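# Whatever this is, show me its structure:
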Amino acid sequence: AILNYPASDASTTTVIEGVITKGVDYTISTYGGSTEIKSGSFAGYVYGEEDTLTITGGSFADSEIGGYLPEGSEPVDNGDGTWTVGVAEDAVAKIGNTGYSSLQAALDAAQDGDTVQVLPGTHSEAITMPLKNITVQGPEDHTAILTGGISFAGGSANGLNMTIEDLVFQGKGINLTAWKQTTDLAQVEALVFRDNVFQGITGNDTYGIHINNGDSPIRGLTIKNNQFSGAQDGTKNGGVYATVCGTATITDNTFTKMGFNGITLIGSTTEGAKSDTVVISGNKFDQWATHGTGEKDGRAMRLSKLSAASTLDISENSFICDTMEEEIIKVTELGAEQDIDLSYCYWNGSNPEDIIGEGKGKIQLKRGSSIEEGTNENTQLGPYYTAPTMRPEDLNTYVPASTGGGGGGSSSYSVSVDKNIDNGKVTVSPSS
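This is a model prediction of the structure:
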C-alpha cells in the first residue's frame, strides 16, 4: 500500500505527525510542494520525490532514511529493527533530537513553541533571527559562542514571544534597528534576553543589545542577568540601547568598562504605544566612558522621553567609575510631578542629595526645561548605600528630605537594620 502526501502547491509544506502504520507494509510517498515527517511510526519504505521530503522525527523500519534528514542529523539504529533521527557529531544546533549543521538552518526550521539549542563551540555565522515564538538557548555553562552577531528579520512582530538565553556574544551583539528592519515592535508580547554574556563589544554606536526601530518602540522588553563588557579599543561602545513602550524591565545585569553609555533608553508618549512601566534595578555599573578620545561622552544611564511612565523605578543599582567626565545618570523630559525612585543605590561614594544637578559625577534630572537642584518631593533618593558591597550595614541611616515628600531642609529618620538579611531592604519611618 502507498500513502501519498502531496502538498497543495510548491509554496506549502505538508506536516505529518502521529501516523502509525504498524502491521502494514506502507510506502510513504511524497510529491509536489514539500512534506515534513515530524513524528509517527512507519513500517514500510519512505520515498520522497525530487527532494520534496524532510524527516525530523518519527520511527522507521526503513534504514535508508538518511537522505531525507537535515544536515547535522543522522539515522540512529535502535537495535529493534527501527531507526530514528539523531544529532550528528558535526551539528551546531538542535531542535529536540534533530540536529542542524548551521544555526540559521535550525532557526528557519523552528516552529512556534520550539526550543533551538545552540551546541558548544564557536560559531561565526551572521544570524538573521526569524520572527517566531521560540526560545534560542545555549548551554548553561556558556560554551556556545557567537562571533557573527544576530540581526532580526523584517515583517510583523504581532504577538511575538521570544527568549534568547545562555549565549556568549563576542565582538558583535544583537541588533534590531530601523535602517535594517521594518518590524512593528509595538505589537510584541515579550522579547526576553536572559543570562547572556556580551564580551568585547566594539564599534562606535555599537551595543550588546541595540533595539531602535524609529517610530515603533518595543513593547514587553526584558533584559535580565546578562553581562556586558566593552572592547577597550577606543570606540564608543555601549551595553543596551532601546526605544521602548509598554513595560520595559532591565534588571540584575553587569556593565563593565563600557566605552560609552551602559544603558540608553528612550521612551514613548505616542497614544497606544506609551511607556507605562520602566524598571531598571539591581544592575552593577563598573566603569563607563572609557573610550579615551578626550571627548566628554558617556554615562552609566541616559534616559529620555519617559514622562508617560506611571512607574519609573531606578533603584538598587551600583555605580562605580573613575573615568567619567559627565553625569552618572542623565534623565530628561520627566513629567513635572512624575515620581522617580532612585533609592537603595550606591552612587560612587556620594550622598545622592549632594550630587543632584548637572556636571561630572552628578545625577541630572530634567523636568521640562528645568534641571533639578537639590531635593524634590517626586524624587526618592534614599535610603542609599555608602559602599559598593551594598550590605545592610552599608545602608545610610540618613534619608534625604525628598523621600519624605517636601524638599527643602532635612528630616530625621530612625532605621532598624538586621545585618543578617540578604537583600538589604529595611523599614524606614520618621522618628518621633
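# where does the protein dip in pLDDT?
Filtered on pLDDT under 70, the chain yields the residue ranges 1-13, 18-33, 49-50, 178-182, 397-432.
# which residue ranges form the helices in it?
Applying DSSP state H to the chain gives helices spanning 103-109.
# Pick out the residue nearest the middle of it.
Taking C-alpha atoms, centre = their mean, the centroid of the chain lies closest to F193, which sits 2.1 Å from it.
# Could you report the separation of P130 from K305?
Counting by C-beta to C-beta, to the nearest Å, the gap between P130 and K305 amounts to 30 Å. No exception for glycine: its C-beta is placed from N, CA and C like everyone else's.
# Comparing those two, which residue is more hemmed in?
The neighbour comparison of P130 against K305 (other C-beta atoms under 10 Å) goes to K305, with 19 against 15.
# Tell me how many other residues crowd the closest residue in space to the more buried one that isn't next to it in sequence.
Among residues not flanking K305 along the chain, G267 sits closest, at 4.2 Å (C-beta to C-beta, 6 or more residues apart in numbering). Neighbourhood size, G267 [other C-beta under 10 Å]: 25.
# surely G154 meets T183?
Yes: the criterion here is C-beta atoms under 8 Å, and G154 meets it with T183 at 5.8 Å.
# okay, those two: which has more neighbours?
Taking neighbours as other C-beta under 10 Å, G154 and T183 compare with T183 leading, 24 against 13.
# List the contacts of that one.
Each residue near T183 by C-beta atoms under 8 Å, 6 or more residues apart in numbering is listed here: L131, F152, A153, G154, G155, S156, A157, L176, N213, S216.
# Same check on G230?
G200, I201, T202, N237, G238, T256, K257, M258, G259, T290.
# Check the gap between the first one and G262 for me.
Relative to G262, G200 is positioned 16 Å away (C-beta to C-beta).
# between these two, who's got more neighbours?
Using other C-beta under 10 Å, the more surrounded residue of G200 and G262 is G262, with 34 against 16.
# that older thread, and the furthest pair within the contacts of G230?
Between any two of those, the greatest separation by C-beta to C-beta is 14.3 Å, found for T202 and T256.
# I150 is in contact with N175, correct?
Yes: at 7.1 Å, N175 counts as touching I150 under the criterion of C-beta under 8 Å.
# who's in contact with the residue lying closest to L176 once chain neighbours are set aside?
The shortest distance from L176 to any non-neighbouring residue, by C-beta to C-beta, 6+ apart, is to F152 (4.3 Å). Each residue near F152 by C-beta under 8 Å, 6+ apart is listed here: T128, M129, L131, N175, L176, Q181, T183.
# max-length strand in the chain?
Secondary structure assigned by DSSP state E gives strand 238-251 as the longest strand of the chain.
# which residues touch G86?
Each residue near G86 by C-beta under 8 Å, 6+ apart is listed here: S73, E74, P75, V76, N97, G99.
# what's around the second one, how many residues?
Other residues near E74 number 17, with proximity taken as other C-beta under 10 Å.
# which non-adjacent residue is nearest it?
Closest residue in space to E74, ignoring its immediate chain neighbours: A88 at 4.4 Å, by C-beta to C-beta, 6+ apart.
# tell me the contacts of that neighbour?
G72, S73, E74, G99, S101.
# So the first one sits against I95, correct?
This points to G72. No: assessed by C-beta under 8 Å, G72 is found out of contact with I95, at 10.3 Å.
# Pull up the overlap in contacts between these two.
Common neighbours of G72 and I95 (criterion: C-beta under 8 Å, 6+ apart): A106.
# what's near enough to touch Y207?
G173, I201, N237, G238, G239, V240, Y241, T264.
# if I look at A308, how far off is K257?
A308 sits 33 Å away from K257, going by C-beta to C-beta.
# Same check on K296?
Distance from K296 to K257, by C-beta to C-beta: 18 Å.
# which of those two has more neighbours?
Taking neighbours as other C-beta under 10 Å, K296 and K257 compare with K257 leading, 18 against 10.
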